[in-house]
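Chemist: no sequence on this one, just coordinates:
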């Protein structure tokens, strides 16, 4: 009977190898399923697959990165950081963990941390355009103009019309008030994409002209944006503000009111609309809009607008009282002192007007308008 018994393996190693291979195959399948589920945005289901991998291999790099990516998709960046860091402790230099970790720090606005991680990534892969633009973005956020520009330009050397680099360079110059430089990069985006350009490029171009006070050119870009998206807040705001800059309150009002149709409790826009009515000398409507703004929350410009209407109507005492109240919160605003002084002059109180302007000068701030007005009063 002995000769009919099944053979015993010579060593147990082959059995172990077979078991190990089965486990590796199972891990591979779980990993594939997990990442496919992530692609399909079935995040919870993906997490289940990755957790199964950790039962076989507690420090598996695919599972840890997968769980980090899943947490990141949930917006749970601190939890994701834990997975990525665990992965890097056992698989130093894992590019996917570095990338995810840096993106988490960026999302948490910890830009210096993000830069440190991305720079580590670039030691392994210094030609990755996606990472380079992210690093440049992060340097822009920490206001390192030189380093940010250097990396964006490096991207453009690799891909001459890379959209992220062009847009980033536009924002970089805009953030540092170099508006002509910003225009160059955003105009290039418009040249490349034409009528298919992202609407944000058009509003950014318009905003550059708004800042440069070349309002008519700004109107052109905001108009293009409104043709693409007639209710776009930034385009409506930009258009209104350009007409305001051109001293066309009736035209600016059209756009302020379009914003208010959609957002009737926008305090800033209510005040701007009040300013437009005041510019048109429609004081009753202006007062109504300023009061609407103040019913939402205190607003300096609404109070100033009401004070200026009182001044226009000859209610100088009321105007002075309101303006003095504003000085308590904004004592370095020369315009408030000028308006009060003009009210005192209208009341034939020249000495009080001079004292008001002197009060401003005693703050140690030099202002040519205040100096000229006080000299004029003293000579008169």
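Modeler: On my side now, so go ahead. Since this is a predicted model, take the numbers as computed values, not measurements.
Chemist: what ranges do the helices span in the stretch 1-150 of the chain?
Modeler: 13-39, 43-56, 61-73, 77-90, 95-107, 111-124, 129-141, 145-158 (DSSP state H, counting those that start in this stretch).
Chemist: contact partners of the fourth one?
Modeler: Spelled out, it's helix 77-90. Residues outside helix 77-90 that contact it (Cβ atoms under 8 Å, 6 or more residues apart in numbering): 59, 61, 64-65, 67-72, 94, 97-98, 100-101, 104-105, 107-108. For every residue, glycine as well, the C-beta is placed using N, CA and C.
Chemist: Go again with 6 Å.
Modeler: 59, 61, 64-65, 67-68, 71-72, 94, 97, 100-101, 104, 107-108 (Cβ atoms under 6 Å, 6 or more residues apart in numbering).
Chemist: Would you reformat the helices of the stretch 1-150 of the chain as JSON lines and include distance to residue 200?
Modeler: Formatted as JSON lines, these follow (distance: least, Cβ to Cβ, whole Å):
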{"stretch": "helix 13-39", "distance to residue 200": "27"}
{"stretch": "helix 43-56", "distance to residue 200": "28"}
{"stretch": "helix 61-73", "distance to residue 200": "24"}
{"stretch": "helix 77-90", "distance to residue 200": "25"}
{"stretch": "helix 95-107", "distance to residue 200": "19"}
{"stretch": "helix 111-124", "distance to residue 200": "21"}
{"stretch": "helix 129-141", "distance to residue 200": "15"}
{"stretch": "helix 145-158", "distance to residue 200": "17"}
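Chemist: Looking at those helices, which is nearest to residue 365?
Modeler: helix 145-158 (29.1 Å; Cβ to Cβ).
Chemist: List the buried residues in the closest one.
Modeler: The neighbour-count check on helix 145-158 (16 or more other Cβ atoms under 10 Å) flags 148-149, 151-152, 154-156 as buried.
Chemist: could you say what helices and strands whichever helix or strand comes after that helix packs with?
Modeler: Counting by DSSP states H and E, the next helix or strand C-terminal to helix 145-158 is helix 163-175. Judged by 3 or more Cβ pairs under 6 Å, 6 or more residues apart in numbering; DSSP states H and E, the packing partners of helix 163-175 are helix 129-141, helix 145-158, helix 179-193.
Chemist: one step back: could you look over the helices of the stretch 1-150 of the chain and pick the most buried one?
Modeler: Comparing the helices of the stretch 1-150 of the chain by mean neighbour count (mean count of other Cβ atoms under 10 Å), helix 61-73 ranks first with a mean of 24.
Chemist: picking that back up, what is the nearest of the contacts of helix 77-90 to residue 181?
Modeler: For the contacts of helix 77-90, the nearest to residue 181 is residue 107 (28.2 Å; Cβ to Cβ).
Chemist: Spit out the contact partners of the closest residue to residue 132 other than its chain neighbours.
Modeler: Distances taken as Cβ to Cβ, 6 or more residues apart in numbering place residue 155 nearest to residue 132, at 5.1 Å, with adjacent residues excluded. By Cβ under 6 Å, 6+ apart, the residues touching residue 155 are 129, 132-133, 162, 165.
Chemist: What is the most widely separated pair among those?
Modeler: Checking those with Cβ to Cβ, the most distant pair is 132 and 162, at 9.2 Å.
Chemist: pLDDT score assigned to residue 380?
Modeler: You'll see residue 380 listed with a pLDDT of 74.
Chemist: Kindly provide the distance from the residue nearest to residue 132 to residue 124.
Modeler: As defined by Cβ to Cβ, to the nearest Å, residue 155 lies at a distance of 18 Å from residue 124.
Chemist: The residue lying closest to residue 274 once chain neighbours are set aside: neighbouring residues, count only.
Modeler: Leaving aside its sequence neighbours, residue 274 sits nearest to residue 289 (Cβ to Cβ, 6+ apart; 3.6 Å). Residue 289 is flanked by 26 other residues according to other Cβ atoms under 10 Å.
Chemist: Same check on residue 240?
Modeler: Residue 240 - counted by other Cβ under 10 Å - has 26 other residues nearby.
Chemist: ok, back up a step: can you add distance to residue 241 and give the helices and strands packed on helix 163-175 back as JSON lines?
Modeler: Converted to JSON lines, the helices and strands packed on helix 163-175 look like this (distance: least, Cβ to Cβ, whole Å):
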{"stretch": "helix 129-141", "distance to residue 241": "25"}
{"stretch": "helix 145-158", "distance to residue 241": "27"}
{"stretch": "helix 179-193", "distance to residue 241": "15"}
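Chemist: Of all those, which one is nearest residue 211?
Modeler: Nearest to residue 211, of the helices and strands packed on helix 163-175 and by Cβ to Cβ, is helix 179-193 at 5.2 Å.
Chemist: And the contacts of the closest one?
Modeler: Under Cβ under 6 Å, 6+ apart, the answer for helix 179-193 is 161, 166, 169-170, 173-174, 197, 201, 204-205, 208, 211-212.
Chemist: now it, how far from the centre of its chain.
Modeler: 19 Å (Cα atoms, centre = their mean, to the nearest Å).
Chemist: buried ones in the helix or strand following that helix?
Modeler: Per DSSP H and E, the first helix or strand lying C-terminal to helix 179-193 is helix 199-212. Neighbour-count burial for helix 199-212 flags 199, 201-210 (criterion: 16+ other Cβ under 10 Å).
Chemist: same check, this time on stretch 294-306
Modeler: Those would be 294, 299, 301-306, for stretch 294-306 by 16+ other Cβ under 10 Å.
Chemist: of all those residues, which comes closest to residue 341?
Modeler: residue 304 (15.2 Å).
Chemist: Who's the closest spatial neighbour of that closest one, skipping the chain neighbours?
Modeler: residue 326 is the one closest to residue 304 (Cβ to Cβ, 6+ apart), at 6.3 Å.
Chemist: I'd assumed residue 336 was in contact with that neighbour.
Modeler: Yes - under the criterion of Cβ atoms under 6 Å, residue 326 makes contact with residue 336 at 5.5 Å.
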